[in-house]
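structure for this input, please:
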Amino acid sequence: MSAAEGPLVVGVDTSTQSTKALVVDAATGQVVASGQAPHTVSSGAGRESDPRQWWDALCEALRQCGDAAHEAAAVSIGGQQHGLVTLDERGEPVRPALLWNDVRSAPQARRLIEELGGPKAWAERTGSVPGPSFTVTKWAWLAEHEPEAVRATRAVRLPHDYLTERLTGQGTTDRGDASGTGWWASATEGYDEETLAHVGLDPAMLPRVVRPGEVAGTVRDGHDLPFSKGTLVAPGTGDNAAAALGLGLRPGAPVLSLGTSGTVYAVSKHRPADPTGTVAGFADAHGDWLPLACTLNCTLAVDRVAALVGLDREAVEPTGVTLLPYLDGERTPNLPGASGLLHGLRHDTTAGQLLQAAYDGAVHSLLGALDLVLDADADRSVPLLLIGGGARGRAWQETVRRLSGRAVQVPEARELVALGAAAQAAGLLTGEDPAAVARRWNTAAGPVLDAVERDDETLQRIAEVLSDAAPLLERSTENG
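Okay, the predicted model is just below:
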């Protein structure tokens, strides 16, 4: 292990597909050890995972970190948002967790919006109009379809909460992750009693919301991890808020994240409340806000199209074909039951053109929400920060440049969710704002790709196909 200048901290990213752990030097930001282990996600109508797999993966990832993990003075967990974890009286999962990309609760989302005052009322109260990704809709789905599971539930947690609680023995969450549930009111920064009563959820079953900078607890005895008893545990947060910390984001800097889902977001001083539901009015992890728009179909959908046409993911060709890659339904636009749609296929259409069309369709959805995410006075000349698993792919980079017309910066730092969690853990030790820690670590540094002329023709073509196909896509949603 390299000699560290300062204390060591551990940042964890428990994502949809795997858990990653980084051991980081709090003084320099140097990653001195890392590990990763996979999860299993169900296929079919739902998307579920056994939370105990997350713990096993965390144990394995930290085992791979070796001796460095033993020396850590603090740890923080960043995790996939929205997932519904139900625990019994022994703290064991009642059933597999319903994940963020499980859209079976679309009917419950529509019903809850109507029953509790409509989209504007929801946006004003919670900051967001709930879609089927939100935890409150999943709880409503569970109550309707598996009432015996609801009766057996004694505690409700989010994915990062579950791991933090296994570390400390205490049920805690943070404002960033709580803001994605649909039962945390952004206007009051507390749980919303009216919403909880409406869905039959006892607030005593929910975790305590830990304030930014507060210690969530200390590592308890009787675990399988290499931490010493008494190691500090930070609040943790949702994955997007953790990545924002990992980048050291200042207000107005736009981020486009290319992962299993695609997201665009920026830190804001203003509490968001978009009644259209396009922008989720999330809180960030250090006292500000993180307006965000998310698509369900990003890198996995494009990779699936590449596999279907038998091409490497970079083998794209200029195209006039339109492909809406809504393979998992879609959240932006709100079409949870939709499927993929291809328009413009001809005899001379090539596989490379189909693949480029998939990239175009995925990026179009994200860029369409970018202006809504940014404050009106945001500087549009600031480079778009491109992060996530797809950010280093040339086809992704060039598609974002061409369709955005903006300069694009690709941070060299990897695993920004885990780095953001590590910065949060480091902040406990130094008393600093975690975003300032990340800026000191220079995590956002990376090459800047110059702006090119925006491809308005392609943007217009996709928009027209989406508009014309709306009745078909909405019919799929209704039948879903």
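
could you pull up the mean pLDDT of stretch 308-328?
Looking at stretch 308-328 alone, the average pLDDT works out to 96.

ditto for stretch 351-371
94.

buried residues, it. List them.
351-370 (16 or more other CB atoms under 10 Å). (Each C-beta comes from the backbone N, C-alpha and C, glycine too.)

can you dump the C-alpha atoms of that stretch in PDB for me?
Once non-C-alpha atoms are left out, stretch 351-371 reads as follows in PDB (Å, rounded to 0.1, in the frame of the first residue of the first chain):
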ATOM      1  CA  ALA A 351     -26.600  -1.900 -38.800                       C
ATOM      2  CA  GLY A 352     -24.200   1.000 -37.900                       C
ATOM      3  CA  GLN A 353     -27.000   3.500 -38.700                       C
ATOM      4  CA  LEU A 354     -29.400   1.600 -36.400                       C
ATOM      5  CA  LEU A 355     -26.800   1.800 -33.700                       C
ATOM      6  CA  GLN A 356     -26.300   5.500 -34.100                       C
ATOM      7  CA  ALA A 357     -30.000   6.000 -34.000                       C
ATOM      8  CA  ALA A 358     -30.100   4.200 -30.600                       C
ATOM      9  CA  TYR A 359     -27.500   6.700 -29.300                       C
ATOM     10  CA  ASP A 360     -29.400   9.600 -30.700                       C
ATOM     11  CA  GLY A 361     -32.700   8.500 -29.100                       C
ATOM     12  CA  ALA A 362     -31.100   8.000 -25.700                       C
ATOM     13  CA  VAL A 363     -29.300  11.400 -25.700                       C
ATOM     14  CA  HIS A 364     -32.300  13.300 -27.100                       C
ATOM     15  CA  SER A 365     -34.300  12.400 -24.000                       C
ATOM     16  CA  LEU A 366     -31.600  13.700 -21.600                       C
ATOM     17  CA  LEU A 367     -30.900  16.900 -23.400                       C
ATOM     18  CA  GLY A 368     -34.600  17.700 -23.700                       C
ATOM     19  CA  ALA A 369     -34.600  18.000 -19.900                       C
ATOM     20  CA  LEU A 370     -31.400  19.900 -19.400                       C
ATOM     21  CA  ASP A 371     -32.800  23.400 -19.800                       C
END
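
from the middle of its chain, how far away would that stretch be?
19 Å (CA atoms, centre = their mean, to the nearest Å).

what does stretch 461-473 give?
The answer for stretch 461-473 is 27 Å, by CA atoms, centre = their mean.

now it: average pLDDT?
94.

same deal with stretch 80-88?
Across stretch 80-88, pLDDT averages out at 97.

just the CA trace of it, in CSV.
Extracted C-alpha coordinates of stretch 80-88, given in CSV (Å, rounded to 0.1, in the frame of the first residue of the first chain):
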residue,chain,number,x,y,z
GLN,A,80,-29.0,3.5,-5.9
GLN,A,81,-32.0,5.7,-5.2
HIS,A,82,-35.7,4.9,-4.6
GLY,A,83,-35.3,1.1,-3.9
LEU,A,84,-37.9,-0.2,-1.4
VAL,A,85,-36.3,-2.4,1.3
THR,A,86,-38.8,-4.0,3.8
LEU,A,87,-37.4,-5.5,7.0
ASP,A,88,-39.0,-7.7,9.6
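
where exactly do the strands run in the stretch 151-300 of the chain?
Secondary structure of the stretch 151-300 of the chain (DSSP state E, counting those that start in this stretch): strands at 155-157, 172-174, 184-185, 190-191, 208-210, 217-218, 232-233, 237-238, 255-258, 262-265, 280-283, 289-295.

any chance of these in CSV, with distance to Val85, mean neighbour count and mean pLDDT too?
Formatted as CSV, those follow (distance: least, CB to CB, whole Å; neighbours: other CB atoms under 10 Å; pLDDT from 0 to 100):
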stretch, distance to Val85, mean neighbour count, mean pLDDT
strand 155-157, 4, 24, 98
strand 172-174, 11, 26, 98
strand 184-185, 16, 24, 97
strand 190-191, 17, 15, 97
strand 208-210, 16, 18, 98
strand 217-218, 18, 19, 96
strand 232-233, 18, 24, 97
strand 237-238, 14, 35, 98
strand 255-258, 23, 26, 95
strand 262-265, 22, 27, 93
strand 280-283, 19, 28, 94
strand 289-295, 20, 26, 93
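
mind putting the ones you listed into JSON lines with distance to Val408?
Listed next are these as JSON lines, based on distance: least, CB to CB, whole Å:
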{"stretch": "strand 155-157", "distance to Val408": "37"}
{"stretch": "strand 172-174", "distance to Val408": "30"}
{"stretch": "strand 184-185", "distance to Val408": "33"}
{"stretch": "strand 190-191", "distance to Val408": "39"}
{"stretch": "strand 208-210", "distance to Val408": "35"}
{"stretch": "strand 217-218", "distance to Val408": "40"}
{"stretch": "strand 232-233", "distance to Val408": "36"}
{"stretch": "strand 237-238", "distance to Val408": "24"}
{"stretch": "strand 255-258", "distance to Val408": "8"}
{"stretch": "strand 262-265", "distance to Val408": "13"}
{"stretch": "strand 280-283", "distance to Val408": "23"}
{"stretch": "strand 289-295", "distance to Val408": "18"}
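
of those strands, give the one that comes closest to Leu58.
strand 232-233 (12.8 Å; CB to CB).

could you report the pLDDT at the residue of the chain most remote from its centre?
Relative to the C-alpha centroid of the chain, counting by CA atoms, centre = their mean, His347 is the outermost residue, at 39.6 Å. Model confidence at His347, given as pLDDT, is 97.

do Val12 as well
pLDDT, read off for Val12, is 98.

repeat that for the one 10 residues further on.
The predicted structure scores Leu22 at 98 on the pLDDT scale.

hmm, Glu415 and it touching each other?
Yes - between Leu22 and Glu415 there is a contact under CB atoms under 8 Å: 6.0 Å.

higher neighbour count, the two?
Leu22 (26 against 21; other CB atoms under 10 Å).

low-confidence regions, the chain specifically.
1-3, 476-480 (pLDDT under 70).

just the helices in the stretch 351-480 of the chain please.
For the stretch 351-480 of the chain, applying DSSP state H, counting those that start in this stretch gives helices covering 351-373, 394-404, 416-430, 434-441, 456-479.

what's the most buried one of those?
helix 416-430 (a mean of 30; mean count of other CB atoms under 10 Å).

elements contacting it?
strand 8-14, strand 18-25, strand 72-79, strand 232-233, strand 237-238, helix 239-247, helix 434-441 (3 or more CB pairs under 8 Å, 6 or more residues apart in numbering; DSSP states H and E).

highest mean neighbour count out of these?
It is strand 237-238: most buried of the helices and strands packed on helix 416-430 by mean count of other CB under 10 Å, with a mean of 35.

for that strand, which strands pair with it and how are they oriented?
strand 72-79 (parallel) (DSSP bridges).

check which element follows the partner strand along the chain.
Sequence order places strand 85-87 as the next helix or strand after strand 72-79, per DSSP states H and E.

in TSV: the helices and strands packed on helix 416-430, plus distance to Ala391.
TSV is the format used below for the helices and strands packed on helix 416-430 (distance: least, CB to CB, whole Å):
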stretch	distance to Ala391
strand 8-14	15
strand 18-25	16
strand 72-79	18
strand 232-233	30
strand 237-238	19
helix 239-247	11
helix 434-441	17
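
of these, give the one that comes closest to Tyr265.
helix 239-247 (5.9 Å).

what is the helix or strand harbouring Val136 packed up against?
Secondary structure assigned from DSSP H and E places Val136 in helix 135-145. The helices and strands touching helix 135-145, judged by 3+ CB pairs under 8 Å, 6+ apart, are strand 97-98, helix 106-115, helix 147-152, helix 193-199.
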